[in-house]
Structures are given as C-alpha cells and as structure tokens.
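Asks: Could you work out the structure for the sequence below:
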Amino acid sequence: MIELREITKSYPTLHGRRYVFRDLSFRFPDDASIGLIGPNGAGKSTLMRLLGGIDAPDCGHIVSDANISWPVGLGSGMQPTLSGRDNVRFVCRIYGATGKAMREKIAYVEDFAEIGEYFDLPVKSYSSGMRSRLAFGLSMAFDFDYYLIDEVMAVGDAQFRKKGQEVFRTRLSKAKLILVSHNMADIRQWCDVVVLVKDGTATVFEDVEAGILAYQGPSAPTSPRAKRGPVAPAAPVVPAPTAAALPPELQSKTDL
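Replies: Below is the predicted model of the structure:
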C-alpha cells in the first residue's frame, strides 16, 4: 500500500513559489506495476523523489507498508571522496544490513560491477561507465517491493547491459515498479495500470491504453501490449553520505 495524504509540494522561483501539488490525496493501486505519465513539468519526477524519500513534502504524509527503492535515473548520489566499497558500506548501514549481510552485499556489488581495483579507490576517480556499474550493482544488491525508475535507460556496454537485464528481470519476478517515462512503448510493456499526473492531480487508469489516450489525445497511436522482456534501468540515486553521518572509522576518509 502506498498512499499520499494531503501532500503539498512547492519550490521557490524568481517569480515566487511554484506549487507542484496542493493537498493531493491519492492511493496507488495495490500489487501492480504503475506507469506515471503526464506532460513535462507536471510533477512526475517530483512525485518519484517524494516516494523515494529523496525529497520531502511541504506538508502532508506518505504512508506505506511497502519497501520502496531509492529513485533510479535521477543521477548518482555517491560520495565522490569515498571509495566504492565505503559507499556500499554506508548504504548498507542506512538499510540495516550489518555483519554477514553487509559483507555479502559488498561482495555482490564488487563482483557485479567488475571494476577491479577501482572498487577501493575514490569514486571521483571513476569514469561515468564505472559509476554506472557501481550504482546499478548497488541497487540490485537490495530486494524491494517497488523499484522506482525515472526514464528507463540501458547503462554500460553491451555485455554489462545484458548482465543487468538478466538481474533486473529476476528482481521484477518478485517485485513491482513505478515507472516514469515519455516512451509509451515502455509504459505498455512494463506497466499494469497508468497514473496520469496533470495540473496537480493524479488520475488512475486501470486500462493502460485508456490512460495513454487521455494523455496524448485521440491522435495517439495504439499498439498491442508487448510481451515483457529484459530492460536495465539507469544508475540509482541514494542519499549522499556526509562526514557527520559516517561512522568514526570512515569520517577521516571524507578528507581524501
């Protein structure tokens, strides 16, 4: 269950505060993969950030009994002065993985990312491809009820994309996703229902084609629902650690 209760969210601009949502109350359909669609600037990515805990509403509450991932596709939140290993260790502690569980997740990410000795070097020394490998491996190291994905994109070279697709497909056999995309082919392929975000409101369509029609209008092309196949998401965002938040044995490393 994921429910929004009287959510208000705004941002300051040069022309005053811009309200994305005002007193929005809405419950997402249970046990369904959900496509968030709507025009640019409607608040889809803002809603994704609120659901993932990356941003907070001005007022109101998000109530859920589900384990929700951090948003995927909103940019990397890795602490650049820490090594890949220490970034993984930090996220493990945020999500309560300690002892053996932490060691297993660190080993999983190290094996998955395939970046060799760079795993123990500062992330600021990584190429963009290595950052993507590390971030995607980190997201796949945790089991979630919902994966939040903002604009699905493949990352890495062909071999890594194939590897990522296989792992992601396995995760989705036991989980659901909330997908923001302007690509209606992805919406048709991956989503069971559609939520149209527009003018500060959220409207659910149990018929995906009906939701797409409401968004694009009667001129929108239609196509049969594609059979679900593998796809890999972009690198995830996770809260960037700060020195004050780190355990004592890691605080000195933020000065690298």
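
Asks: Help me confirm that Ser45 comes into contact with Asp150.
Replies: Yes. Ser45 is within contact range of Asp150, at 5.7 Å (criterion: CB atoms under 8 Å). All C-beta spots, glycine's among them, are computed from the backbone N, C-alpha and C.

Asks: what about those two, which has more around it?
Replies: Ranked by neighbour count (other CB atoms under 10 Å), Ser45 and Asp150 place Asp150 first, with 24 against 20.

Asks: And the more buried one, how close does it get to Asp86?
Replies: Using CB to CB, to the nearest Å, we find Asp150 at a distance of 26 Å from Asp86.

Asks: ok, now Phe26?
Replies: In this view, Phe26 and Asp86 are 38 Å apart by CB to CB.

Asks: Next, the contact list for the residue lying closest to Lys176 once chain neighbours are set aside, please.
Replies: Nearest residue to Lys176, sequence neighbours excluded (CB to CB, 6 or more residues apart in numbering): Ser33, at 4.7 Å. Ser33 sits next to Leu172, Lys176, Leu177, Ile178, Leu179, Trp190, Cys191, Asp192, Val193 when contact means CB atoms under 8 Å, 6 or more residues apart in numbering.

Asks: Give me the distance between stretch 203-216 and the centre of its chain.
Replies: In terms of CA atoms, centre = their mean, to the nearest Å, the centre of stretch 203-216 is found 22 Å from the chain centre.

Asks: what sits up against it?
Replies: 26, 28-29, 35, 37-39, 184, 187-188, 191-196, 198, 220, 222, 225.

Asks: Of these, which qualify as buried by neighbour count?
Replies: Buried subset of the contacts of stretch 203-216 (neighbour count, 16 or more other CB atoms under 10 Å): 26, 28-29, 35, 37-38, 184, 187-188, 191, 193-196.

Asks: Tell me how many other residues crowd Ser173.
Replies: If we define neighbours as other CB under 10 Å, then Ser173 has 6 of them.

Asks: State the distance from it to Trp190.
Replies: For Ser173, the distance to Trp190 - CB to CB - is 13 Å.

Asks: again, but for Lys105
Replies: Separation of Lys105 from Trp190 (CB to CB): 26 Å.

Asks: hmm, back to that, cross the contacts of stretch 203-216 against helices and list the overlap.
Replies: Cross-referencing the contacts of stretch 203-216 against helices under DSSP state H gives Met184, Ile187, Arg188.

Asks: Which stretches in the chain count as strands?
Replies: Taking DSSP state E as the criterion, the chain carries its strands at 2-13, 16-27, 34-37, 59-64, 68-72, 146-150, 176-180, 193-198, 201-205.

Asks: Out of the ones you listed, flag the one nearest Gln79.
Replies: Judged by CB to CB, the one of the strands of the chain that comes nearest to Gln79 is strand 68-72, at 14.3 Å.

Asks: Output the closest one as CSV, nothing but the C-alphas.
Replies: C-alpha atoms of strand 68-72 as CSV (Å, rounded to 0.1, in the frame of the first residue of the first chain):
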residue,chain,number,x,y,z
ILE,A,68,10.4,1.2,-1.8
SER,A,69,13.7,1.6,-3.5
TRP,A,70,15.6,4.9,-3.9
PRO,A,71,14.8,6.5,-7.3
VAL,A,72,16.6,5.2,-10.3
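
Asks: Mind giving me the packing neighbours of it?
Replies: Using 3 or more CB pairs under 8 Å, 6 or more residues apart in numbering; DSSP states H and E, the elements in contact with strand 68-72 are helix 44-52, helix 128-140, strand 146-150.

Asks: tell me the angle it makes with strand 146-150.
Replies: 10 degrees (axes from the mean of the first three to the mean of the last three CA atoms, to 10 degrees).

Asks: With adjacent residues omitted, what lies nearest to the spatially most central residue of the chain?
Replies: The centroid of the chain falls nearest to Pro71 when counting by CA atoms, centre = their mean (2.1 Å). The spatial neighbour of Pro71 that comes closest, neighbours along the chain excluded (CB to CB, 6+ apart), is Gly52 at 4.1 Å.
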